[in-house]
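Engineer: I'll drop the sequence and a predicted model, then ask my questions.
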Amino acid sequence: MSHLDALPPWVAVTVAVLVLLGALFAFVGSLGLLRLKNFYQRVHAPTLGTTLGTFFMLAASITCFSVLHARPIFNEVLIGVFLTLTTPITLMLLVRAALYRDREEGSQDVPQLTSKD
Amino acid sequence: MSHALLDVAIGAAQILLLLAMAFSLIRMVRGPRAQDRVLALDALYVNAMILLLTIGIRSGSMLYVEAGLVIALLGFASTVALSKFLMRGQVIE
Amino acid sequence: MIRRWLPHPLLSALLLLIWLIFNQSLAPGTVLLGIAFGIALGRMFDLLDPPKARLRHYPLLLRLFARVVLDIVRSNLAVARIVLFGKRPMRSGFVAIPLQLTDRYGLAVLSCIITSTPGTIWVSYDSSANILLIHVLDLVDEAGWIDSIKQRYERPLLEIFQ
């Protein structure tokens, strides 16, 4: 661990806290994926990882590299922008596919077609 | 002192993220339905991307960030393709 | 002339910005290549013949953004609590919301907001009846959800896009 020793103590503590927070949100999200009862409940869980989980980890990475290289480095912002734009699309498509499949099977737990969707 | 703390924090975060990936894998194997498996795959790649970022912080190399961006791109495309497949049984209509 | 080369100036500027962030440099070559990409992709986008977007009320847009970020944090904590400590049988279900918003871009932004917020997800939208179907993880009172989505998100989006 040579390069991380170059960080001032307060930066090291900040990065540590951010890394832990990010990992914690991603962990809880995946735990929800395992624990919740049916598909429509489970679909909500991974959003934790893609919103706050990624946010804290990107913040940690930006802080760490910017201080290490002594200039602002915010490459990571692109991952955040990209993820916020794409996650809704994937989840919406997935839920629509699930709803379509449930309706095809005649499941009573999902709302029926009102008119043409 | 604070650097030892950072060391421990990154280690703990990596263990948490590995557990998160394991949970997604279990959900992917257990199903029960195809949409659950696709959802688990989606969560798996997001967790893998976050894990790559922690490895990047630990090793001090910016290359991991680029790798994370590529994972996010490919994961998005694959989940969309799989969702399309679930909807109609065809990827390209 | 300027219309021809830059049919979507905002899009081209955004592409240039993304290119510069990605490369982390302001070298002349990078800027030049970014401008070329911005112009080329902007013209390519125009070939798709996208419907025109009218944005109004930029301060309101910023306020909406701040509100959404705050809501995302709050519902992150709420969903985390449900996952970690939820023992009681939780009632979750679908909610149908009649909308007034019909602008495509407004609906796109609304869908991103609803889906990015943990605990609610956009399911489908019926454009003939203008009814939106969402799924809510912790459905305590249905009328409250309808009301909060209409008040918090739809009202500002109506002012911004229509």
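Structural biologist: Perfect, thanks for sending it. Residues are numbered from 1 along each chain as shown, chains lettered A, B, ... in the order given.
Engineer: okay, now the unreliable bits of chain A?
Structural biologist: Within chain A, the set of residues satisfying pLDDT under 70 comprises A:1-2, A:112-117.
Engineer: let's see that with 80 instead.
Structural biologist: For chain A, the stretches with pLDDT under 80 are A:1-6, A:104-117.
Engineer: just the strands in it please.
Structural biologist: Assigned by DSSP state E, chain A shows no strands.
Engineer: middle-most residue in it, spatially?
Structural biologist: Nearest to the mean C-alpha position of chain A, counting by C-alpha atoms, centre = their mean, stands A:Thr50 at 1.0 Å.
Engineer: what about it, distance to chain C?
Structural biologist: Using C-beta to the nearest C-beta, to the nearest Å, A:Thr50 is found at 8 Å from chain C. (Each C-beta comes from the backbone N, C-alpha and C, glycine too.)
Engineer: so what's that residue closest to, chain neighbours aside?
Structural biologist: The spatially closest residue to A:Thr50, leaving aside those adjacent along the chain, is A:Thr87, at 4.7 Å (C-beta to C-beta, 6 or more residues apart in numbering or on different chains).
Engineer: could you do C:Asn130 as well?
Structural biologist: Once flanking residues are discounted, C:Asn130 sits nearest to C:Leu99: 5.2 Å by C-beta to C-beta, 6+ apart.
Engineer: per-residue confidence at that neighbour?
Structural biologist: C:Leu99 is assigned 84 on the pLDDT scale.
Engineer: got it, and the one 4 residues further on?
Structural biologist: In this prediction, C:Asp103 carries a pLDDT score of 83.
Engineer: surely it and C:Phe161 touch.
Structural biologist: Yes. Assessed by C-beta atoms under 8 Å, C:Asp103 is found in contact with C:Phe161 at 4.2 Å.
Engineer: have a look at the two and say which one is more surrounded.
Structural biologist: Just comparing C:Asp103 and C:Phe161: by other C-beta atoms under 10 Å in any protein chain shown the higher neighbour count belongs to C:Phe161, 22 against 17.
Engineer: surely that one meets C:Arg54?
Structural biologist: Yes. Between C:Phe161 and C:Arg54 there is a contact under C-beta under 8 Å: 6.9 Å.
Engineer: relative to A:Val19, how far out is the residue nearest to the centre of chain A?
Structural biologist: For A:Thr50, the distance to A:Val19 (C-beta to C-beta, to the nearest Å) stands at 17 Å.
Engineer: what's the weakest-modelled helix or strand in chain B?
Structural biologist: helix B:63-88 (a mean of 87; mean pLDDT, DSSP states H and E).
Engineer: can you pull the buried residues of that helix?
Structural biologist: B:64-69, B:71-72, B:75-76, B:79-80, B:82-84, B:86-87 (16 or more other C-beta atoms under 10 Å in any protein chain shown).
Engineer: filter those residues down to the ones close to chain C.
Structural biologist: By C-beta under 8 Å from any C-beta of the partner chain, no member of those lies near chain C.
Engineer: how far does the least confident helix or strand of chain B sit from its chain's centre?
Structural biologist: Distance, stretch centre to chain centre, for helix B:63-88: 10 Å (C-alpha atoms, centre = their mean, to the nearest Å).
Engineer: and that helix, what does it pack onto?
Structural biologist: Helices and strands touching helix B:63-88, by 3 or more C-beta pairs under 8 Å, 6 or more residues apart in numbering or on different chains; DSSP states H and E, are helix A:77-104, helix B:34-59.
Engineer: so what does the last one touch, helix or strand wise?
Structural biologist: Other helices and strands packing on helix B:34-59, by 3+ C-beta pairs under 8 Å, 6+ apart, are helix A:9-35, helix A:39-42, helix A:54-69, helix A:77-104, helix B:2-30, helix B:63-88.
Engineer: how about residue 68, what does it touch?
Structural biologist: Let's take chain A. Taking C-beta atoms under 8 Å, 6 or more residues apart in numbering or on different chains, we find A:Leu68 in contact with A:3, A:6-7, B:60.
Engineer: switch to chain B, that's the one I care about
Structural biologist: When contacts are counted by C-beta under 8 Å, 6+ apart, B:Gly68 touches A:79, B:49, B:52-53, B:56.
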